[in-house]
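Peer 1: Okay, here's the prediction I keep looking at, along with the sequence it came from:
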Amino acid sequence: MAATAKIPATIITGFLGAGKTSLIRHLMQHAEGRRIALLINEFGDVGVDGAILKACGNADCPEEAIIELPNGCICCTVADDFLPAIERLMALPGRFDHIVIETSGLALPKPLVKAFDWPAIRSRLTVDGVIAVVDGPAVADGRFAEDADTLLQQRAEIGLIDHDNPVAEVYEDQLLCADMVILNKTDLMDTAGRERVRGSIRAELTRQAVPIIEASHGAVAPAVLLGLGAAAEDDLANRPSHHDAEAEHDHEDFETMVLELPALADPLALLRALGDLAERHNVLRAKGYLRVAGKPMRYLAQAVGPRVSGHFEGAAQGNEGRLVLIGLKGFDQAAIRVHIEGAALAPVG
C-alpha cells in the first residue's frame, strides 16, 4: 500500500450478542500477515470484549493496537472519544493495513460513518465497509419483530418504519447502514429457519445489492470481510436512519449494571440464573469474566436473552470477577443482584 493511500476501516455493527467479537476474533486469528488495529466500544463502564480480543495474542494485531472505549456508545461520543482514539492509533509506529471498529450492540453506525467525512479523518481514512452481524436464532424467535401488517403499511407509505420497540429500531438502523450482513449462529438453525430469517433481513434492506453471508461462530474469511471498497462516507444518503433528524441520539431506553462477584461455587448455577433474567427482568445481554473456586483459569459467562454459554479461558486474575448486564430501562437492579448473587454464592449441589 502506498504511503499516501488512505487506510481502510471496517465498522462491525450488530445488536447485543450477535457475535461481533467472535467475528473479529476469527479475523485476527486468520490475519495472514495483515497488520490490523482494533477500536472496541462497549455500552457501559466495564469493557469485556477488549479483554477477549487481547487474549488472542496475535502479533499481527499487537495489544497496544487494541484501544478500548468502554464509556458509552461511540455513536454519541464521536468528537470526544472516537477522534482522539483514531489519533492514538495513527501515532503508533509503523503503518496499519486495516482498522477494525467494533461498535457497541446499541450503537447506530451512521453517525460513526459521518465522522469519516470530517477533514481530520477524511484525508487519511476511508470506510471500507459496514458489516452488520445478525443473531439468526434471535431473529427467528421474534426478538426484533413487531406487527407485520402495520410495518408493511408504514414501509409503503413513508419508506422507513417507526418502531415502538427500541430493540427493533436499533436493529433496523444497523441493517440499513450495512454493506454486508453476516447471518450468524446458523449452526443453531435449520434450513427453513435460515431461509425465513434471510427473507426478513432482505425485507428490511433498502439496498438490495447488500450480500447476506451465513456463518457459525463468526467464522468468515478475512478476504470476504475486507476489501469491499464501499467508501461509505460518500454514500450517506443511501443509508437512512430513524435518527437522521436528531441533533443527538441517546440510549434512554437501555440501562447497564455491573456486578462484582467473588469466586463462584458452581458456574452452571450462575448460567441457569442468567437464563432466567430475560423473561423475569428484561435483561438483553450479560457477559463477564469470573473466578471459579479451586480453578486456575477464568470463566467467561455469557447470555443473549435466555440463551447462555460459558467456558474456561485464560489464566484467572485476582480474586473477583465482573459481570456486565444490559437491559431495558427500568429493570430491577436490586432484584437482579439478589438473583445472581444467590446463584453465584450457593453451595454446589
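Peer 2: Structure received.

Peer 1: Which segments of this structure make up each domain?
Peer 2: 7-238, 254-345 (automatic domain parsing).

Peer 1: among those domains, which gets the worst mean confidence?
Peer 2: Ranked by mean pLDDT, the domains of the chain bottom out at domain 7-238, which scores a mean of 82.

Peer 1: so how far is that domain off the chain centroid?
Peer 2: Relative to its chain's centre, domain 7-238 lies at 7 Å (Cα atoms, centre = their mean, to the nearest Å).

Peer 1: list the contacts for the spatially most central residue of the chain?
Peer 2: The structure's the chain has its C-alpha centroid closest to residue 105; by Cα atoms, centre = their mean the separation is 4.0 Å. For residue 105, the contact set (Cβ atoms under 8 Å, 6 or more residues apart in numbering) comprises 14-18, 20, 43, 285, 326. C-beta: built from backbone N, CA, C; applies to glycine.

Peer 1: quick one: which of those is nearest to residue 35?
Peer 2: Distance to residue 35 across these (Cβ to Cβ) is lowest for residue 20, with 20.9 Å.

Peer 1: Distance to residue 232 added to the contacts of residue 105, as a markdown table?
Peer 2: Shown next, in a markdown table, are those (distance: Cβ to Cβ, whole Å):
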| residue | distance to residue 232 |
| --- | --- |
| 14 | 16 |
| 15 | 19 |
| 16 | 23 |
| 17 | 24 |
| 18 | 19 |
| 20 | 17 |
| 43 | 22 |
| 285 | 26 |
| 326 | 27 |
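
Peer 1: Can you tell me which of the residues you listed is nearest residue 37?
Peer 2: Looking across those and measuring by Cβ to Cβ, the closest to residue 37 is residue 20, at 16.3 Å.

Peer 1: that older thread, let me know the helix or strand that the residue nearest to the centre of the chain is in.
Peer 2: Following DSSP states H and E, there is no helix or strand that holds residue 105.

Peer 1: Distance of it relative to residue 94?
Peer 2: Distance, residue 105 to residue 94, by Cβ to Cβ, to the nearest Å: 31 Å.

Peer 1: Pretty sure residue 270 sits in a strand.
Peer 2: No - using DSSP: H, G, I helix; E, B strand; the rest coil, the secondary structure at residue 270 is helix, not a strand.

Peer 1: residue contacts, it?
Peer 2: Here residue 270 is in contact with 264, 290, 301, 310, 340, 343-344 (criterion: Cβ under 8 Å, 6+ apart).

Peer 1: What is the end-to-end distance of stretch 89-109?
Peer 2: From its first residue to its last, stretch 89-109 covers 20 Å (Cα to Cα, to the nearest Å).

Peer 1: Then stretch 111-119?
Peer 2: 15 Å.

Peer 1: What of stretch 318-338?
Peer 2: End-to-end for stretch 318-338, by Cα to Cα: 23 Å.

Peer 1: Distance from it to the middle of the chain?
Peer 2: 19 Å.

Peer 1: Report the buried residues of it.
Peer 2: Across stretch 318-338, burial judged by 16 or more other Cβ atoms under 10 Å covers 321-327, 331, 336.

Peer 1: With respect to residue 90, which of the contacts of residue 105 is nearest?
Peer 2: Looking across those and measuring by Cβ to Cβ, the closest to residue 90 is residue 20, at 23.3 Å.

Peer 1: what about that closest one, how many neighbours?
Peer 2: Residues lying near residue 20 (other Cβ atoms under 10 Å) number 25.

Peer 1: again with residue 269
Peer 2: 18.

Peer 1: same thing with residue 315?
Peer 2: 9.

Peer 1: I'd assumed residue 298 was in contact with it.
Peer 2: Yes - using Cβ atoms under 8 Å, residue 315 is in contact with residue 298, at 6.9 Å.
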